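Chemist: Turn this into a model:
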Amino acid sequence: MRFVVERDALAEAVAWIARSLPSRPVLPVLSGLLLQAAPDGLTLSCFDYEVSARVSIDAEVSQPGTALVPGRLLAEITRSLPGYPVEVDDADDLTLTCGPASFSLVTLPIADYPRLPELPRLAGTVDGSVFATAIGQVTPAASRDDTLPVITGVNLEIEGDTITLVATDRYRLAIRELGWNPVRAPGRSTLLVPAKTLADAARMMAPGVPVRILTRGTDGDGPASSSGGGDPLRAGDAMIGFESGGRRLTTRLIGGEYIKYSSKFPADFGSCGDMPAAPLAEAVRRVALVAERGSSVRLSFELGKVIIEAGTKGQARARETVAADFSGEESAIAFSPQYLLDGLAAALAAASGNPPGQDPGGPGHPERDGGPAPAEGRIRLEFTGPTKPALITGSPGADGEAALDYRYLVVPLRALASV
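Modeler: Residues are numbered from 1 along each chain as shown. I've put the predicted structure just below:
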């Protein structure tokens, strides 16, 4: 195998693949990253029987071939290479030469490496920017407690031309609805996808570039027949894949039934505050700097404003005021700073069209690309008391209808019950 590839393209591709490598592989060979050089370019991939990632990039291939190398080590090397084209040769060990730098890697046995899964069934397509934003809005609410695997996932509910993403850690619940283009008229399907893998998939999505959603072993509410028409696939064989811009990520679905979350939403709230999303998020972020671990950020509503306060006893306190329209009897509520910030960041993303945390000056953003800046978004905070879940949504528009494609239900800090 022998090829030449641009340093930046290689480093970016390897870094993206490396995110899917297992941190504690059950077999040493699963820590490998597979390089496949062909006349039409270079393909990099990995698979640990749960998650697979694949990306194709341009390369000048003079001798096709395949090699399996330690993935995380390759990521460290490519990230540190100087700005020259990279020459790769596996005449002996795998050798990378980049300007004055040269590295030699011992290859892993390809014969022991698993074959990457194929997902022949196209379920439909969705806009990359919309899907990435939706993923960024819900994944922070997913649990990180591996002893309860069901709530470490994002529940994808597909009904007609609508996808609903749901995530919870029992103390907050995030829901986002979006449209998509199914290839057939589907019934109702529920797919429980690992939140971390879904967040990694969002990194390959770009505005205006469709994302192909592929499935295997899913049909309606349960496992489907295999593509060859043979024996039904086991539930553990059910997979979902996302493909866009020359990249593909697949993962096995999480088994089990998701929580019945619809009943968690109160029928009515006694208090309601409408506020500008960006100024509120910035104020909470600043005030939270002085909040000690386990303490709260308090929101107190007065005529025409909300006061955000936090502090560490004997060290520092912070207070900031933001304009607000308020109605109701209960005028104060307190939250975990991070829980509140996650909800506000997601609401702000809905207003700006950027995934939460994305650089507003980055590629694809309207202001950078010469387009108009998005209109200032507003959010609505509804609550009843300091021990009952509060709801963050988009504030009503000119037609009086609330923007309910994103909903964030969060337990106040003083409450002990979960959602």
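Chemist: for I17, helix, strand, or coil?
Modeler: What DSSP: H, G, I helix; E, B strand; the rest coil gives for I17 is helix.
Chemist: show me what contacts it?
Modeler: Contact analysis of I17 by C-beta atoms under 8 Å, 6 or more residues apart in numbering lists L33, L44, S45, C46, A53, R54, V55, G71, A75. Every C-beta, even on glycine, is put in place using the N, C-alpha and C of the backbone.
Chemist: ok, of those residues, which one's closest to D169?
Modeler: Closest approach between the contacts of I17 and D169, by C-beta to C-beta: A53, at 25.7 Å.
Chemist: helix/strand/coil for the closest one?
Modeler: Looking at A53 with three-state DSSP, the answer is strand.
Chemist: what residues are up against the most centrally placed residue in the chain?
Modeler: Residue closest to the average C-alpha location in the chain (C-alpha atoms, centre = their mean): A199, at 2.4 Å. By C-beta under 8 Å, 6+ apart, the contact list for A199 reads I135, G136, T139.
Chemist: State the phi and psi torsions of the last one.
Modeler: Pointing back at T139 there. Backbone torsions for T139, taken as degrees, to the nearest 10, come to phi -60, psi -30.
Chemist: I'd like to know which elements the lowest-mean-pLDDT helix or strand in the chain is packed against.
Modeler: Ranked by mean pLDDT, DSSP states H and E, the weakest helix or strand in the chain is helix 337-352, scoring a mean of 83. The contact analysis (3 or more C-beta pairs under 8 Å, 6 or more residues apart in numbering; DSSP states H and E) places helix 337-352 against helix 128-138, strand 172-179, helix 277-287, strand 378-383, strand 390-394, strand 406-410.
Chemist: what's the average pLDDT for the fifth one?
Modeler: The average of the pLDDT scores along strand 390-394 is 90.
Chemist: How far does that strand sit from its chain's centre?
Modeler: 20 Å (C-alpha atoms, centre = their mean, to the nearest Å).
Chemist: for stretch 247-265, same thing?
Modeler: 13 Å.
Chemist: Next, the distance between the ends of it.
Modeler: 38 Å (C-alpha to C-alpha, to the nearest Å).
Chemist: And for stretch 14-28?
Modeler: End-to-end distance (C-alpha to C-alpha), stretch 14-28: 19 Å.
Chemist: pretty sure A318 contacts R298?
Modeler: No. With contact defined as C-beta atoms under 8 Å, A318 does not reach R298; the gap is 10.8 Å.
Chemist: Between these two, which has more neighbouring residues?
Modeler: More crowded of A318 and R298, by other C-beta atoms under 10 Å: R298, with 20 against 17.
Chemist: any idea how far the closest residue to L253 other than its chain neighbours lies from L119?
Modeler: Of all residues not flanking L253 in the chain, A238 sits nearest, at 4.6 Å (C-beta to C-beta, 6 or more residues apart in numbering). With distances taken as C-beta to C-beta, to the nearest Å, A238 is found 11 Å from L119.
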